[in-house]
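Asks: how does the following fold in three dimensions:
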Amino acid sequence: MNNTDIAIRVRNLTCAYGDYKVVDDISFDVRKGEIFVILGGSGCGKSTVLKHLIGLYAPVAGSIEVQGDDIVTAQGRVRDAILRRFGVMYQMGALFGSMSLLSNVMLPLEEFTDLPSDARELVARSKLAMVGLQDFACNMPATLSGGMQKRAAIARAMALDPDILFLDEPSAGLDPITSAELDALIRTLSRNLGITFVIVSHELASIYSVADSVIMLDKKVRRIVAQGDPRVLRDTSDNELVRRFFHRQAETDAARETAGRAETFASKET
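Replies: Sure thing, here's the model as predicted:
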């Protein structure tokens, strides 16, 4: 892969809380313009990795390059410039409940630009239109459904025209139809705007719907146990951990499946 095609390059990343390692020595690349999903079971370190990618936590070891610049070693204005290249939607949306949707989306523009008030409002309204909320600019977050709040959070994350959007569990708490509508929005934004998405998720339907590429983490080994197209991994992986995840199998079900294959093989041999 050509370096110019890479939005994020992670090498030998180790993340820990105190003496406890959550992930140990992982490496991966995110291509520009792709929808990249970090997946795995509960407690595997998905959200921890995301928090390191966006600079909230410093890793124990390793490098995280965003468009060629290492966010781990960068300081001052250089680091601020790197952080400006991406937007973040947190799991519960994290909208300010005392502010309208319009004010929520305008907030990054007020903090980080010198645009006049009317220009900030114009930009904010255009972002709300991109996510289908142009008629709800004056609404307070509490008056909206969970799916609409997630859309508003994405609009705010796009306020500064980032190259990369990080979404933490965007489908969490949503019904299947609303989740599918959010997936369609993500695909549309990726296709029309060329935004690179990095998404943390364990929702298989959404993963199959949007992901160009995934990495799967496992809490037992604290490493990446699979990487690639999720549909290919589902259909061809010979790793039991990966197979169980993509086929939604409990451990006992997987053991019975393995035993059944062994019995079939034995009967053919005799």
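Asks: now R187. Nearest residue, chain neighbours left out?
Replies: V210 (5.8 Å; Cβ to Cβ, 6 or more residues apart in numbering). Where C-beta positions appear, they are placed from N, C-alpha and C, glycine not excepted.
Asks: please look at the one you found and T188 and confirm they touch.
Replies: No: taking contacts as Cβ atoms under 8 Å, V210 lies outside contact range of T188: 10.5 Å.
Asks: give me the more crowded residue out of the two.
Replies: Counted by other Cβ atoms under 10 Å, V210 and T188 do not tie: V210 has more neighbours, with 25 against 13.
Asks: three-state assignment of the nearest residue to V30 once chain neighbours are set aside?
Replies: Excluding its sequence neighbours, the residue lying closest to V30 (Cβ to Cβ, 6+ apart) is I8, at 4.0 Å. Three-state assignment for I8 (DSSP: H, G, I helix; E, B strand; the rest coil): strand.
Asks: what does stretch 5-13 contact?
Replies: With Cβ atoms under 8 Å, 6 or more residues apart in numbering as the test, stretch 5-13 has contacts from 23, 25-34, 49, 52-53, 59, 61-67, 163-164, 196, 198.
Asks: now, those residues that are in strands?
Replies: Among those, the ones falling in strands (DSSP state E) are 23, 25-31, 61-66, 164, 196, 198.
Asks: just the buried residues of those.
Replies: 23, 26, 28-31, 62, 64-66, 164, 196, 198 (16 or more other Cβ atoms under 10 Å).
Asks: let's have those in JSON lines, adding pLDDT and distance to S103.
Replies: Listed next are these as JSON lines, based on pLDDT from 0 to 100; distance: Cβ to Cβ, whole Å:
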{"residue": "V23", "pLDDT": "93", "distance to S103": "37"}
{"residue": "I26", "pLDDT": "95", "distance to S103": "39"}
{"residue": "F28", "pLDDT": "96", "distance to S103": "37"}
{"residue": "D29", "pLDDT": "96", "distance to S103": "37"}
{"residue": "V30", "pLDDT": "96", "distance to S103": "32"}
{"residue": "R31", "pLDDT": "96", "distance to S103": "35"}
{"residue": "G62", "pLDDT": "95", "distance to S103": "38"}
{"residue": "I64", "pLDDT": "95", "distance to S103": "32"}
{"residue": "E65", "pLDDT": "94", "distance to S103": "35"}
{"residue": "V66", "pLDDT": "93", "distance to S103": "29"}
{"residue": "I164", "pLDDT": "95", "distance to S103": "25"}
{"residue": "T196", "pLDDT": "96", "distance to S103": "28"}
{"residue": "V198", "pLDDT": "97", "distance to S103": "27"}
